[in-house]
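1. have a look; sequence and predicted model below, questions after that.
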Amino acid sequence: MRGRGPYKSRRELAAMREPGRITALALQAVESAVRAGVTTLELDRIAERVIREHGAVPNFQLEPGYEHTLCVNVNDVVVHGIPGDRVLEPGDLVTVDCGATIGGFHGDAAISVVVPGGDPERTAARERLSDVTRGALWAGIAALAGARQLGEVGAAVEDHIDANSDFRIDEDYIGHGIGTRMHENPPVFNYRTRVVGPAVKPGLCVAIEPIIHAGGAETTVDGDGWTVRSADGSDACQWEHSVAVHSGGIWVLTALDGGAAALAPLGVVPVPIPER
Ligand code: MG
Ligand code: MG
């Protein structure tokens, strides 16, 4: 029997909706809790509570050696920031990465928030880094809606960054397929490659997750073996959504409106995934 490759059935696509929705609800709760004086561990507890209240499981806790619901990446931390007693300060750039699993399927998404206050110039620079990164994510999602091959997503992300900034794209961390595991094939690049990638057609579910650096893209790993930082101490930022391609169009699984508001200015109208 021939494999279906990365393409999910209609039933599987329908099952992808709930883990995505719960991931979105957890991040919505975290976003409204981000303020000066809160610890990153408090944010983790909020996300875990929302996920478990909905009968789902924080899928980061299923990763060997990791016991938290979130990764919380503050300022120069690029990825895999472990929640703990770090107290958020005015002007901090906080990327929160979260996922949930229910019914055997996974959701995965990340948002960034700048804590109000702090040095006005530094805060404005961080808001701009977040805005450009978020814009690159949505440019990639919009490209997926009209793409023939998955590689067009990375080209759109790269073009958005280059057209709007002199920021650098992190090439060490890329997006992925998502389904019965959080990380599946195919890889989803955030830049042009010679890999055209699989055909974009109904059943494809991917997590698109550009990581953008204000300074150099070189990184180092802390002694804890997890926390990845910019080698030059400059800020890094990430936004992520899980997105499904189905027979009616695309649907952003980890956006409560399917991506409608953010995609409207880009001329794309997301279409809900049928019940079955
Ligand atoms: Mg991911
Ligand atoms: Mg993620």
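-> That came through, no problem. Ligands and ions are numbered 1, 2, ... in the order given.
2. OK, contacts around whatever residue of the stretch 1-150 of the chain ends up closest to ligand 1?
-> In the stretch 1-150 of the chain, the residue found nearest to ligand 1 is residue 108; the distance is 4.2 Å by Cβ to the ion. The way it works is simple: take the backbone N, C-alpha and C, and place the C-beta from them, glycine included. Residues near residue 108 by Cβ atoms under 8 Å, 6 or more residues apart in numbering: 23, 59, 97, 98, 99, 178, 182, 207, 209, 240, 242, 254.
3. so which of those are also by ligand 2?
-> 97, 240 (Cβ under 5 Å from the ion).
4. what's the farthest-apart pair in the contacts of residue 108?
-> For the contacts of residue 108, the farthest-apart pair by Cβ to Cβ is 59 and 209; their separation is 14.8 Å.
5. picking up where we left off before, between the contacts of residue 108, which is nearest residue 221?
-> Looking across the contacts of residue 108 and measuring by Cβ to Cβ, the closest to residue 221 is residue 97, at 16.6 Å.
6. so which strand or helix has the closest one?
-> strand 93-102 (DSSP states H and E).
7. torsion angles phi and psi at residue 26?
-> Phi and psi for residue 26, reported as degrees, to the nearest 10, are phi -60, psi -40.
8. that one and residue 52 touch, don't they?
-> No - using Cβ atoms under 8 Å, residue 26 is not in contact with residue 52, being 9.7 Å away.
9. neighbour-wise, which of these two wins?
-> The neighbour comparison of residue 26 against residue 52 (other Cβ atoms under 10 Å) goes to residue 26, with 30 against 15.
10. retrieve the pLDDT associated with that one.
-> Per-residue pLDDT puts residue 26 at 98.
11. again, but for the one 10 residues further on
-> Residue 36 is assigned 98 on the pLDDT scale.
12. and the gap between it and ligand 2?
-> Separation of residue 36 from ligand 2 (Cβ to the ion, to the nearest Å): 25 Å.
13. can you tell me the element that residue falls in?
-> Secondary structure (DSSP H and E) places residue 36 outside all helices and strands.
14. may I have the phi/psi pair for the residue of the stretch 1-150 of the chain closest to ligand 1?
-> The phi/psi pair for residue 108 (degrees, to the nearest 10) reads phi -160, psi 130.
15. that one bridge partners, please.
-> residue 99 (DSSP bridges).
16. for ligand 2, see how far away it is.
-> Counting by Cβ to the ion - residue 108 and ligand 2 are separated by 4 Å.
17. please check the contacts of residue 108 and keep the buried ones.
-> Taking 16 or more other Cβ atoms under 10 Å as the criterion, what is buried in these is 23, 59, 97, 98, 99, 178, 182, 207, 209, 240, 242, 254.
18. stretch 262-272: end-to-end distance?
-> End-to-end distance for stretch 262-272: 15 Å, by Cα to Cα, to the nearest Å.
19. residues touching the residue positioned nearest the centre of the chain, list them.
-> Nearest to the geometric centre of the chain sits residue 240, at 1.6 Å (Cα atoms, centre = their mean). Applying Cβ under 8 Å, 6+ apart, we find residue 240 in contact with 97, 108, 109, 110, 137, 175, 207, 208, 209, 254.
20. ok, now with 10 Å
-> Neighbouring residues of residue 240 by Cβ atoms under 10 Å, 6 or more residues apart in numbering: 23, 27, 95, 97-99, 108-112, 133, 137, 175, 207-211, 254.
21. one more: residue 120?
-> residue 91.
22. how close does the residue nearest to residue 54 when sequence neighbours are not counted sit to residue 106?
-> Once flanking residues are discounted, residue 54 sits nearest to residue 22: 4.6 Å by Cβ to Cβ, 6 or more residues apart in numbering. Counting by Cβ to Cβ, to the nearest Å, the gap from residue 22 to residue 106 is 10 Å.
23. same deal with residue 93?
-> For residue 93 relative to residue 106 (Cβ to Cβ), the value is 26 Å.
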